[in-house]
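Enquirer: got a sequence here, can you model it:
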Amino acid sequence: SQEMVSMKDIAQRCGVSVASVSKALNGQQDIGQETRERILRAADEMGYLTNSAARALKTNRTYHIGVLFVDERRSGLAHEYFSAVLNSLKEEAEARGYDITFINRHAGNKPTTYLQHCLYRSLDGVIIACVDFNDPQVLELVNSSLPVVTIDHVFNNRMAVVSDNVSGTEALVRHVSGLGHRRIAFIHGERTAVTENRLTGFYRACEELGVEVPGEYVVEGVYHDPDRCGELVRTLLELPEPPTCILLPDDFSAIGGLNAIQKMGLRVPEDVSVTGYDGIHLASVIHPRLTTYYQDTDVLGRTAAAKLVELIEKPRTALLDRFLIPGALREGLSVRRLD
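Expert: Numbering: from 1, shown residues only. Purely as a prediction, here's the structure:
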């Protein structure tokens, strides 16, 4: 293993001061072009620039960012939507020279808070996705001085990247209404910012289209839970006046919905229409192919990584904004036209 090269070594080799080496390596302007190139060439030949520990010392960065991803329901990285977001996030971060570390509550072997873990690991910043955003430990992290980007949740004065759930649900309602459906039910997931936005989109579109929504047509379910989704579909279809179309919480849960409908001896879309949400690969391979709303996981993940790197590298000019990422309606064969 090679010895760690110091700025002093480079200064001696080039016959310049350590201050000049520092200026050249940090890209400061007040040093001649020729001298700078000579210093950088020497630094390169001596193995200084490939030494990321030295790079960290030089900039006080570790080029490591954390991803906080807690999945209470253990669907974890099997959750296609989140795994796709994390995948594009990882690609973008690595393209910008950063490594990713998953954060948990154990640094070394002692239980710690998320923030302590980040500090212990000397992370430059954190991306938070798929967590309970009301968890005191998450709030501690969000309110710390560490650069943070949240995905699908907005905090005041923090950078957030959000899928446009209001427009997504509006698009689904408009689509099924355009096919003649007036009795539209909505099974939504647990109460999160995502759910609130989808509910807003649902009620907004129904109001705009003059679609009446009976109270029992809007039901709280759980995301990513086919069994629960199946039970709720059955309950809706057993109402004295059942819906002709049901919006399901997500594409994965939709499997449970389709199974329940089949068990009741009914067919999709002949007897009842359904839609999913997410646009994961699964939606296009189940029968009938699901009409769903595609969330752009590629842009979500890349934007989150890009914004975090911007916060880390240019803290004075990075706008703490929320970035709304649009998706697209994907028409399948699960909604029929009513005459």
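Enquirer: is residue 192 in contact with residue 130, as I believe?
Expert: No: in this structure residue 192 lies outside contact range of residue 130 using C-beta atoms under 8 Å: 9.8 Å. Glycine gets a C-beta too; all of them are placed from N, C-alpha and C.
Enquirer: now do the shared contacts for those two.
Expert: Common neighbours of residue 192 and residue 130, using C-beta atoms under 8 Å, 6 or more residues apart in numbering, are residue 152.
Enquirer: who's more crowded, those two?
Expert: Applying other C-beta atoms under 10 Å to residue 192 and residue 130 shows that residue 130 carries more neighbours, namely 23 against 18.
Enquirer: can you give me the helices in the stretch 101-250 of the chain?
Expert: 114-120, 136-142, 165-178, 193-209, 226-237 (DSSP state H, counting those that start in this stretch).
Enquirer: pLDDT score for the closest residue in space to residue 209 that isn't next to it in sequence?
Expert: Leaving aside its chain neighbours, residue 209 sits nearest to residue 177 (4.9 Å; criterion: C-beta to C-beta, 6 or more residues apart in numbering). Note on residue 177: pLDDT of 98.
Enquirer: next, residue 253: secondary structure please.
Expert: Three-state assignment for residue 253 (DSSP: H, G, I helix; E, B strand; the rest coil): helix.
Enquirer: what about the spatially closest residue to it that is not a sequence neighbour, how many residues close to it?
Expert: Leaving out its chain neighbours, the residue that sits closest to residue 253 by C-beta to C-beta, 6+ apart is residue 229, at 3.8 Å. Per other C-beta under 10 Å, the neighbour tally for residue 229 reads 30.
Enquirer: I'd say residue 229 and residue 257 touch.
Expert: Yes: counting by C-beta under 8 Å, residue 229 does reach residue 257; the two are 4.9 Å apart.
Enquirer: give the residues shared as contacts by these two.
Expert: Common neighbours of residue 229 and residue 257 (criterion: C-beta under 8 Å, 6+ apart): 187, 248.
Enquirer: would you map out the domains in this protein?
Expert: 7-59, 64-163+298-326, 165-295 (automatic domain parsing).
Enquirer: strands of this structure, start to end?
Expert: 64-69, 99-103, 106-107, 110-111, 125-129, 148-151, 159-163, 184-188, 218-220, 245-247, 273-275, 292-294, 322-325, 328-330 (DSSP state E).
Enquirer: I'd like those strands as TSV, with distance to residue 86 appended.
Expert: As requested, the strands of the chain are exported to TSV (distance: least, C-beta to C-beta, whole Å):
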stretch	distance to residue 86
strand 64-69	7
strand 99-103	8
strand 106-107	20
strand 110-111	24
strand 125-129	7
strand 148-151	9
strand 159-163	13
strand 184-188	24
strand 218-220	27
strand 245-247	26
strand 273-275	25
strand 292-294	17
strand 322-325	15
strand 328-330	21
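Enquirer: adding distance to residue 303 and mean neighbour count as columns, could you present those in a markdown table?
Expert: As requested, those are arranged in a markdown table below (distance: least, C-beta to C-beta, whole Å; neighbours: other C-beta atoms under 10 Å):
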| stretch | distance to residue 303 | mean neighbour count |
| --- | --- | --- |
| strand 64-69 | 14 | 22 |
| strand 99-103 | 16 | 16 |
| strand 106-107 | 29 | 14 |
| strand 110-111 | 33 | 10 |
| strand 125-129 | 11 | 25 |
| strand 148-151 | 9 | 25 |
| strand 159-163 | 5 | 24 |
| strand 184-188 | 25 | 25 |
| strand 218-220 | 30 | 17 |
| strand 245-247 | 27 | 28 |
| strand 273-275 | 26 | 27 |
| strand 292-294 | 16 | 26 |
| strand 322-325 | 6 | 16 |
| strand 328-330 | 16 | 16 |
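Enquirer: no further queries at this time; thank you.
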